[in-house]
Structures are given as structure tokens and as C-alpha cells.
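1. show me how the following folds:
(chains A and B)
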Amino acid sequence: MAAKKKSNEKSDLNKVPFSTRVRPYMIVAPSLIITIGIMVPFAMAIWYSLTNYSFKLPNHKFIGIQNWVNMLGDASFWGAVKISVLYGTISTVIEMLLGLGVAILLNNLNNGLSKVLRVLLVFPLMIAPVTATIVWQLMLNSSVGIVEKLLNIFGVYNFPWAAAPGTAMMTVILIDVWINTAFIILLVLAGLQSLPKSPFESAKIDGGSAWFNFINLTLPMLKPSLYIALLFRFMAALQEYAIIFALTKGGPGDSLMSLSLTAYQKGFKFQKFGAAIPYILVLWLIINIAAKRIVNRQRAAQKQAAGLEE
Amino acid sequence: MKTGKQRTLYVLKNLLLLIYAVFALFPLIWMILISFKSDTEVFTTTFLFHPTLANYREVLIRSDYGRYIRDSVVVSGGAVLVSIIVGVPAAYALARYNFPRKEDLAFQILSYKFAPEILVVLPLFMIYQKIGLYDSYLGLIWVYQLISLPLLIWVVRGYFEDISVEIEYAAQVDGYSWYQIFFKMLVPLIKPGLVSSALLAFIFAWNSFTFPLILSSNKVYPVTVAIMKYLGTDSAHYGQLAVASTVSALPAMIFALCIQKHLVRGLSFGAVKG
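-> Numbering: from 1, shown residues only, chains lettered A, B, ... in the order given. Below is the predicted model:
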């Protein structure tokens, strides 16, 4: 921090008293102090990626970039990248659209139904993801599953769901959507509730259509909240592990072996922690790049929205 | 004719909402049904079965489930509380002040969400054992900050940025102290963001599995780890799993019910905005 202050000495900031200049840093400091400790295990993990660290071996030794070379030479690596990105993108897009739609309906309808559902619709998020997956598994079961019975009415029998490579991804995304749309609903609903009233009142006088108001008022003012919801959901979806593992353990075949699953498999099942870390660091990099882009858009949207509300 | 059209639209909106509600709530009802089934009936019956309370007896009376719930409440509740105390002021500073490296700091806090927990959990395990935080409430509350703090800061920051600076200046001119402005004026305005992100942070901390699995064992035993017992190594006890999961969701459900009315912004917003 001292270095930072020094570099700003030349700018016009040095006209501001020192105490005022450090105040924001002081306020942010507790949050950073609490979390900065994580840099130590993070650095240690990067070091382990250069060793043959394993729970089976009493000691570990430096093996250079061997783990990285192995990963890049592994035919399944690029498949894992593709599965992670595909899964993260599809599930996030569906959840964003569905969540936005439901939140708008909940906000729009001020009746008993919407008031009750505002609480109830968050409940899927509260069930441990592994349990949620198992309940869905039982519902999709081909002999007694309720969904199977429902499909039988329409003449569909023994729909494969998670058992076939072609439908496994769709099944996992279905469960992901069931759990995590609630996350989007809650954040977007809070965003809708805090929109200022006055722009809408003047719009009412101007007599714009509901659609016109949505595109020109609601959406621009809601955008910052939408980007925050997108940011956190996309970051989590790219890392999704629990649902896929509980449903198929990455199968059938390698059809759902994402970066997370490959890393967990190498780290825990095969007990090669050092070999698992590069997969996670690649994931870290992908998420870092995606987050940076979303954050930039969020910052721009925030500035634009502030202008609209003034 | 317009009223007729509006009427149709109103019915349509309710219908759409209802369809989503069936999708979102049916699996929960299904889970509760399973909780009353014996293990043999899970795979042989759909709706008709002999309801039994055996699963509830097994989980709630014959095991330490109450203790697991308590541990989860302490750890998740504690984590959210710490996040609110350090995070809300940080969100305020990141929204209000313009200072060098501000966006970098905000991004740094966000970056703790960039990797699955497995990346840091093993090195953390060794560190925790050395400094005596292994298997302690404090240890989990601390590491849960990685789950709760980034979300809270980033959501609340947006709500602070929505409030125009002029209102604060006006209140200062009127002779209010900084504390009065913060608690009486700003906090009601950020309430929807604060309560929604606090609830989400609580749920994510509650559902966290990898951290408590590796960083605690006997003294601190959160529900998510305990639930795995019912999946057993030989045979899965679906009924008991359903009971454990249903009961485990109750604290978050109560939390959600309590904050429901705060999800709506304070009345003052309309008066002070634009």
C-alpha cells in the first residue's frame, strides 16, 4: 500500500488530506485481511502442481512442469474444457432467462399467489445439491419414477435421461436449472424492488406501452443487478461438481468429465493431488477471463443506470 | 375491449407463474413423500405406499442430528454475520470513494470465487492443523468468508451506487452525523440487496461440503457432511436422506420467511431518489 500512495504523490490527489486519502483503504482493509490469507494456500497449490504430491507418498519432490505436460498431452483434456464451458454456458443462459421471467412475473403480479411464491420459489436452493440430484434421480427412474409415468401418457417409454451420452448433459442441466434458477430470481427480484418509482411515474404520464417501458427503463436500470447475478452464477456453473458427480460420476463414458470432475477424480480417487491442480488452474484462468469481461460490462451498465435515475 | 385484453394477460401471467411453481415445488413434495417411505418402497411404489415415521425416528431421535444442525447454524450464521460486519462498509467504500486501484481491490475480492474449493482445501488443511484452527468453529467461519463475502460485497456495492451522493450531502448539511446517515438512511435503502445477498450467502455456506469435510471432523460436524452418512457405503437409505435434507432446509426456510418483508425497499426510497 505504501508503494501505491507514493505513486500517486504526483497526481492531484495529494491536495487531499492524507487521512481522507487512506480512509477508503481503511474501510476495505478488514475484508481484505480476512481473505488475503487464502493467497498462502493458493501459492502452495501452484507449487504442488510442480510436484508429484500424493497422499500415498510420504514425501513429494519437484518434477517441474511434468504435470502440465501430461495434462496438455492428455486427449481428454480439451474435451473436459469443452464440457465445462458448454455446461456452464447453457445452464447459465437458461437460468438467466427463466429467472428474469419469473422475477418479473413475481414483481408484476401483486396478488396472494406471487406473495407466497416469492418465498417458496427460493426453497430448491436450500436442499443440498447432492440430495436434490438423488430426488431427481428417483423421479426420473424408469420403473417407478413419476416423470416416467408422465411420459408414458404421451407414449414415451424408457427415456434414457442420465444413462445415455446424448441425454446426460441435458439431464444434469435440468437439475442445475431446477436448483439455481432460484438464485437469479432472488437477486433480480431484489433489483426490481429497488428501482426508483419516479421514472415510471413520468413514463405513465407519457403513456408509453408496457413493452416500451421495459426496454427503455426497467432493463437499463436493472442491468447492473442482472450482470451481478450472471457473474456469480456463471462462475459457479463453470465449476459445477456436486450435481454431475451425484448423478453420473462423469459418465456415461467420458461424456460429463468436466475440468472439475477430472480434477476431483485425479486428486481424490487416484490420489494424485499434484496432477489434479493444473486442471483447476486452467478452470481458474477461464473463469478469471469471463469474470473480467462481465465485470467491465457491469461497471458500464452501472454508470449508465445512474445517469438514467438522476 | 382493453379491459378484456388485460384480463386475459393477467390470467396468462398467473398461469405461467403457476407452471414454473409446479416445476420448482414438485420435487420438494416428492422428497417429502420419500421421507415417509420405507427403503423397500422407494423403488416399488409411486404414490400409494404405507407411510412410516421410522425414517424420522432414525434421524431425529437415534442420531445426533440436532447437534449437526446446531453446528451448521453456528458456522453459517457466524460466517454471514462476519461478512455483513466487514463487507457492508467495504461495499460502501468501493461504491462511494474514488481511489487508485479501487477496481483491482474489488476484483481481488471477487477472485476468491474463481476456483473450486479443492484447490485451496488441502494446503489449508495443513495450515489449519499447524495453527490450531482445524475442527473449530472459528476455522470454518473464517474459510466460509470465501463463500459469503464476495457475493455480499458485490451485491451490496451496486445498491450503494444507486443512491445519489447528494442525499448524503443534504443530510450532512442538515446536521446528521455519519453514523445516523449510514444506519437511518443508507441501510434502509440497500435493504433489498443486503437481505437477499445475506440469505444467499447463508444458503451457500450451509450447503458447503468440501470445506467442512476436510477442515473439521468430530467437534464441528455440519449437516452437509452428516447427510452423507445416509448414502451409506453398502446401501443408500433414501428415506433417511430425505428426512435429513428436509430438516436441514428448515433454518434457511425460516430465514427466508423472516426477511421476506425486507426484500421490499424502505418507503423512504421514493422520496429520496431522483
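
2. how many residues are close by residue A:33?
-> 10 (other C-beta atoms under 10 Å in any protein chain shown). For the C-beta atoms, the positions are set from N, CA and C on the backbone; glycine is no exception.

3. same question but for residue A:289, I mixed them up
-> 10.

4. how about it, secondary structure?
-> Here residue A:289 takes the helix state, with states given by DSSP: H, G, I helix; E, B strand; the rest coil.

5. what comes up buried for whichever strand or helix holds residue A:149?
-> Assessed by DSSP states H and E, residue A:149 sits inside helix A:146-153. Buried residues in helix A:146-153, counting neighbours by 16 or more other C-beta atoms under 10 Å in any protein chain shown, are found at A:146, A:147, A:148, A:151.

6. can you pick out the most distant pair from these?
-> Distance extremes for these: the farthest pair is A:146 and A:151 at 9.9 Å, using C-beta to C-beta.

7. below-threshold pLDDT in the chain: ranges please.
-> By default, I'm working from chain A. Applying pLDDT under 70 to chain A flags the ranges A:1-15, A:308-310.

8. hmm, I had chain B in mind actually
-> B:1-2, B:45-46, B:48, B:232-234, B:264-274.

9. where do the strands sit along it?
-> In chain B, no strands are defined using DSSP state E.

10. what sits against the closest residue to residue A:242 other than its chain neighbours?
-> Computed as C-beta to C-beta, 6 or more residues apart in numbering or on different chains, the closest residue to residue A:242 that is not its neighbour in sequence is residue A:129, at 4.1 Å. By C-beta atoms under 8 Å, 6 or more residues apart in numbering or on different chains, the contact list for residue A:129 reads A:179, A:242, A:243, A:246, B:207.

11. and stretch B:110-118, how far apart are its ends?
-> Across stretch B:110-118, the terminal residues are separated by 17 Å (C-alpha to C-alpha, to the nearest Å).

12. repeat that for stretch B:200-214.
-> 23 Å.

13. in it, what's buried?
-> Applying 16+ other C-beta under 10 Å to stretch B:200-214 flags B:200-212, B:214 as buried.

14. which ones among those map onto helices?
-> Mapping the buried residues of stretch B:200-214 onto helices (DSSP state H) picks out B:200, B:201, B:202, B:203, B:204, B:205, B:206, B:207, B:210, B:211, B:212, B:214.

15. ok, and which of those reach chain A?
-> With respect to chain A, and counting by C-beta under 8 Å from any C-beta of the partner chain, the subset of those in contact is B:200, B:203, B:206, B:207.

16. and the last one, how far from residue B:158?
-> Same thing as residue B:207. 24 Å (C-beta to C-beta, to the nearest Å).

17. likewise the first one?
-> Relative to residue B:158, residue B:200 is positioned 14 Å away (criterion: C-beta to C-beta).

18. repeat for the third one
-> Residue B:206 sits 24 Å away from residue B:158 when distances are taken as C-beta to C-beta.

19. residue A:232 too?
-> 12 Å.

20. residue B:258 now?
-> 23 Å.

21. looking at these two, which is more packed in?
-> It is residue B:158, of residue B:258 and residue B:158, that has more neighbours when counted by other C-beta under 10 Å, with 24 against 11.

22. which strand or helix spans the residue nearest to the more buried one when sequence neighbours are not counted?
-> Setting aside the residues directly before and after it, residue B:158 is nearest to residue A:224 in space (C-beta to C-beta, 6+ apart), at 5.0 Å. Assigned by DSSP H and E, residue A:224 belongs to helix A:219-239.
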